[in-house]
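# sequence and predicted model, in that order:
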Amino acid sequence: MQQSRRDILKAVSTVPVSLGVLSGFAAGADCSSIQEWDPNATYDGSTKVVYEGVLYQSEWWTRGNEPDASKNVWTKLGDCDSDGGDDDDGGDGSAPTARISVSPAAPEPGTTVTFDGGESTDSDGTITDYAWDIDADGSTDLTGETVSHTFDTEGTHSVALTVTDDTGATDTATTTVTVDASPDEFKVIGYYPGWKATPEQDYYPADVPWSKLTDVKYAFLGVDADAAEPTIMSEQDESNLAAFRDLKAGPAADTRIHVSIGGWADSTGFSEIAATESTRQSFAQRAVEIVREYNLDGVDIDWEHPGSQQGLCQCGSNTDYETHIALLEALRSELDAASAEDGKRYWLSIANGGSDWNAGGLRHGEIGEICDYAMIMSYDFTGSWMDVAGLNAPLNGDGHPTENSQYGETYHAQYYAEYSVDKLWAGDHGETGYWPGQWEYPPAPPAAYDELVLGLPFYGRGFNGTELYGSYSGLPEGTWHHTLEDGADPTGAFDFGDLEENYIGTAGWERKFHEPGNVPYLVNTEENTLISYDDEESIATKVAFAKERGMQGVMFWDLAQDWNETLLDTIVETI
């Protein structure tokens with residue numbers, strides 16, 4: 001089982017990095033005792049196989065992925081020697097392999113960083129020279145197996161190590177070091193929905209309360225599978241992004257702005273793009289171009305959701321769980337390369353679900369190691385797709401959501417945030433798929449709490465019914481029904497600002513509180529309506545929960561729904 005980044009840091013305070021292009025593989029590998037690759041076999045990490053005369057080693061759990069077509073899963077170790085590997089020639093002339101360990105891995109300005117090349121190897125000789133290029137500008141700054149350097153300012157720095165053996169063969173590995181003055185900040189992340197910059201909804205980039213936020217996610221860019229790239233979908237998006245670029249020179253100077261790609265309505269095409277190395281690379285390169293063009297701080301992948309029969313399109317494949325990782329690795333590589341060139345840190349994050357059916361198959365630990373953080377969408381646990389009127393985003397519960405009787409004697413499918421965090425993402429949630437037709441999820445290491453961000457809803461979901469976990473006849477119109485086309489189905493979605501101004505505390509509306517879930521709901525018997533939502537009390541409890549768990553922060557959907565900034569102020573006051 002792979003260790004999480006946190007486990008490695010706590011155990012040894014170093015993170016071994018093996019990056020860069022190898023200039024040679026070990027020739028004449030002894031494959032005599034290694035089994036041939038079997039497409040029907042399951043392989044754990046560090047398993048060696050032979051495939052078409054070449055020796056490969058698996059990096060993590062895999063099944064059915066051909067070694068020569070799965071570079072993110074299999075590492076090529078070398079060609080097999082036909083006589084078993086004993087050339088008896090005193091050396092095979094292969095190049096050395098450079099490896100870098102960094103300690104500490106995430107330094108603050110002024111901290112001395114130690115770079116260690118001691119894990120570099122040479123299969124047929126001896127490494128005689130270690131040359132370090134601290135700024136990756138082609139010059140040698142330091143020499144020796146172990147060296148130290150102090151970075152005085154924030155930013156991302158590229159470091160290269162070139163090793164030379166006694167035959168003159170060389171290899172170079174590179175890594176990046178991000179120097180951050182505030183590594184322990186508690187993040188407050190708000191999504192900005194680009195389509196709400198209209199006269200009717202009246203929420204423009206200049207309306208964002210920048211001083212209350214550490215990060216803003218611009219939602220959304222689309223996904224073009226044919227071109228294998230993210231797309232700016234409208235002139236409105238272009239205008240909004242240009243406005244954000246201008247605001248970075250003023251009120252948004254101290255707030256990170258990221259571009260979010262995908263979302264519920266625009267994730268079709270992710271599966272195809274993630275499937276091959278060339279399309280992943282094309283997608284990652286274009287994402288970085290957009291980040292640079294608009295002076296943004298990072299990329300957020302909102303693929304809703306990897307796996308079969310997922311998302312609005314009900315598409316995808318069970319191989320998505322592994323190619324999702326490969327896509328994130330491609331983005332991480334491109335962002336790190338851009339960071340080294342621009343002298344600026346670029347961030348990578350994801351947002352994914354909090355239920356077994358949409359997040360059970362994700363490789364949570366690997367996501368945590370690749371991304372700067374993963375945001376758990378611990379909401380939308382009820383809606384028109386459910387048989388009874390449930391709660392949108394309860395916090396607490398006992399047992400698995402499909403077995404928990406706290407939420408009604410006859411109802412056993414209420415997910416809650418505590419399960420999403422403690423079991424699904426940061427714990428052991430089991431291996432059985434929840435959705436019909438899905439496979440049994442392969443074992444995956446959990447993410448660390450400090451790699452996670454808790455998602456909060458700034459909206460409520462309503463039903464035409466008055467009994468929690470009772471039947472309902474339909475959905476109420478919600479806040480923005482009047483902006484939809486004539487004849488459109490009601491959404492049942494209410495902005496918190498609308499609830500605050502027009503429902504809570506007004507005649508006919510009774511506020512109730514669900515003690516097991518730690519969330520409120522409204523009931524109006526005359527209008528035959530129930531609305532599940534979050535208010536100041538439940539938001540404060542959730543923020544305290546995230547801090548208690550050691551999570552990186554909280555995220556909310558969305559900025560435009562908190563008309564008076566009541567819930568955002570609650571977050572800021574609680575932290």
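Received the coordinates, thanks.
# what's the local residue count around residue 142?
16 (other CB atoms under 10 Å). Any C-beta I mention is one placed from the backbone N, CA and C, and that applies to glycine too.
# got a list of what residue 533 touches?
Under the criterion of CB atoms under 8 Å, 6 or more residues apart in numbering, the neighbours of residue 533 are 392, 457, 459-461, 494, 496, 499, 519-522.
# how near is it to residue 375?
To residue 375, residue 533 is 20 Å away according to CB to CB, to the nearest Å.
# same question, residue 545
15 Å.
# neighbour count: the two, which is higher?
residue 375 (29 against 19).
# tell me which element that one is part of?
Remark: residue 375 resides in strand 373-377, with elements defined by DSSP states H and E.
# pull out the buried positions in the helix or strand just after that strand.
Following strand 373-377 in sequence order, the next helix or strand is helix 417-419 (DSSP H and E). Under the neighbour-count criterion of 16 or more other CB atoms under 10 Å, helix 417-419 has 417-419 buried.
# apart from its chain neighbours, what residue comes closest to residue 31?
Excluding its sequence neighbours, the residue lying closest to residue 31 (CB to CB, 6 or more residues apart in numbering) is residue 80, at 3.7 Å.
# is it true that the one you found touches residue 36?
No: with contact defined as CB atoms under 8 Å, residue 80 does not reach residue 36; the gap is 10.7 Å.
# mind checking which of those two has more residues around it?
For residue 80 and residue 36, the more surrounded residue by other CB under 10 Å is residue 80, and the numbers stand at 21 against 10.
# contact partners for that one?
By CB under 8 Å, 6+ apart, the neighbours of residue 80 are 28-31, 50, 53-55.
# what's the strand holding residue 375 packed up against?
For strand 373-377, the elements it packs on are strand 347-353, helix 364-370, strand 452-457, strand 553-557, judged by 3 or more CB pairs under 8 Å, 6 or more residues apart in numbering; DSSP states H and E.
# so can I have JSON lines of these showing mean pLDDT and mean neighbour count?
As requested, the helices and strands packed on strand 373-377 are exported to JSON lines (pLDDT from 0 to 100; neighbours: other CB atoms under 10 Å):
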{"stretch": "strand 347-353", "mean pLDDT": "97", "mean neighbour count": "23"}
{"stretch": "helix 364-370", "mean pLDDT": "95", "mean neighbour count": "23"}
{"stretch": "strand 452-457", "mean pLDDT": "98", "mean neighbour count": "26"}
{"stretch": "strand 553-557", "mean pLDDT": "98", "mean neighbour count": "24"}
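# before we move on, back to that, do me a favour and average the pLDDT over the strand holding residue 375.
Averaged across strand 373-377, pLDDT comes to 98.
# okay, now the sheet partners of it, with direction.
Strand 373-377 has the following strand partners under DSSP bridges: strand 347-353 (parallel), strand 452-457 (parallel).
# got the contact list for the longest one?
By that I understand strand 347-353. 217, 256, 258, 260, 297-306, 328, 331-332, 335, 358-359, 362, 367, 370-377, 380, 453, 455, 555.
# ok, now with 7 Å
With contacts defined as CB atoms under 7 Å, 6 or more residues apart in numbering, strand 347-353 is touched by 256, 258, 297-302, 305, 328, 331-332, 335, 359, 362, 367, 371-375, 377.
# what subset of those is buried?
Using 16+ other CB under 10 Å, the buried ones in the contacts of strand 347-353 are 256, 258, 297-302, 305, 328, 331-332, 335, 359, 362, 367, 371-375, 377.
# end to end, how far does stretch 54-67 reach?
9 Å (CA to CA, to the nearest Å).
# not counting its neighbours along the chain, what's nearest the residue nearest the centre of the chain?
Geometric centre of the chain, nearest residue: residue 350, 2.7 Å, by CA atoms, centre = their mean. Nearest residue to residue 350, sequence neighbours excluded (CB to CB, 6+ apart): residue 301, at 4.7 Å.
# contacts only, for that neighbour.
261-262, 328, 350.
# what strand or helix carries it?
Here residue 301 is assigned to strand 298-302, by DSSP H and E.
# okay, angle between that strand and strand 373-377 too, please.
Relative orientation of strand 298-302 versus strand 373-377 (axes from the mean of the first three to the mean of the last three CA atoms, to 10 degrees): 40 degrees.
# output the very next helix or strand once past strand 298-302 as CSV, restricted to C-alpha atoms.
Going down the chain from strand 298-302, the next helix or strand is helix 320-342, by DSSP H and E. Taking Å, rounded to 0.1, in the frame of the first residue of the first chain, the C-alpha atoms of helix 320-342 are listed here in CSV:
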residue,chain,number,x,y,z
ASP,A,320,-11.5,6.2,-15.6
TYR,A,321,-10.3,5.7,-12.0
GLU,A,322,-6.8,5.1,-13.2
THR,A,323,-6.8,7.5,-16.2
HIS,A,324,-8.1,10.2,-13.9
ILE,A,325,-4.9,9.9,-12.0
ALA,A,326,-2.9,10.0,-15.2
LEU,A,327,-4.7,13.2,-16.3
LEU,A,328,-3.9,14.8,-12.9
GLU,A,329,-0.2,13.7,-13.3
ALA,A,330,0.0,15.4,-16.7
LEU,A,331,-1.5,18.6,-15.3
ARG,A,332,0.8,18.5,-12.3
SER,A,333,3.8,18.1,-14.6
GLU,A,334,2.8,21.0,-16.9
LEU,A,335,1.9,23.3,-14.0
ASP,A,336,5.2,22.6,-12.2
ALA,A,337,7.2,23.2,-15.4
ALA,A,338,5.3,26.5,-15.8
SER,A,339,6.0,27.4,-12.2
ALA,A,340,9.7,26.9,-12.7
GLU,A,341,9.7,29.1,-15.8
ASP,A,342,7.5,31.8,-14.3
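# distance check, the spatially closest residue to residue 422 that is not a sequence neighbour against residue 376.
Nearest non-adjacent residue to residue 422, counting by CB to CB, 6+ apart: residue 549, 7.7 Å away. Residue 549 is 11 Å from residue 376, where distance means CB to CB.
# overlap in contacts, those two.
What both residue 549 and residue 376 touch, as defined by CB under 7 Å, 6+ apart, is the set residue 421.
# more neighbours: the two, which one.
Ranked by neighbour count (other CB under 10 Å), residue 549 and residue 376 place residue 376 first, with 26 against 15.
# who does the more buried one form a beta bridge with?
Here residue 376 sits in beta bridges with residue 352, residue 454, going by DSSP bridges.
# residues contacting it?
Contacts for residue 376 (CB under 7 Å, 6+ apart) come out as 354, 420-421, 425, 452-455.
# hmm, try it at 8 Å
By CB under 8 Å, 6+ apart, the contact set of residue 376 is 351-354, 359, 417, 420-421, 424-425, 452-455.
# quick check, nearest of the residues you listed to residue 168?
Of all the contacts of residue 376, residue 168 sits closest to residue 452, with 47.7 Å by CB to CB.
# surely the closest one and residue 367 touch.
No: Residue 452 is not in contact with residue 367 according to CB under 8 Å; the separation is 9.6 Å.
# what touches both of those two?
The contact lists of residue 452 and residue 367 share residue 374, where a contact means CB under 8 Å, 6+ apart.
# where does the spatially closest residue to residue 313 that is not a sequence neighbour fall, phi/psi-wise?
Of all residues not flanking residue 313 in the chain, residue 268 sits nearest, at 4.4 Å (CB to CB, 6+ apart). Dihedral pair for residue 268: phi -60, psi 130, per degrees, to the nearest 10.
# what about residue 268, how many neighbours?
Count around residue 268 with other CB under 10 Å applied: 19.
# report the contact partners of it.
In this structure, residue 268 makes contact with 223, 225, 311-313, 315, judged by CB under 8 Å, 6+ apart.
# what do you get if the cut-off is 7 Å, keeping everything else the same?
Residue 268 sits next to 223, 313, 315 when contact means CB under 7 Å, 6+ apart.
# can I get the residues you listed in CSV including pLDDT?
Converted to CSV, the contacts of residue 268 look like this (pLDDT from 0 to 100):
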residue, pLDDT
223, 96
313, 83
315, 84
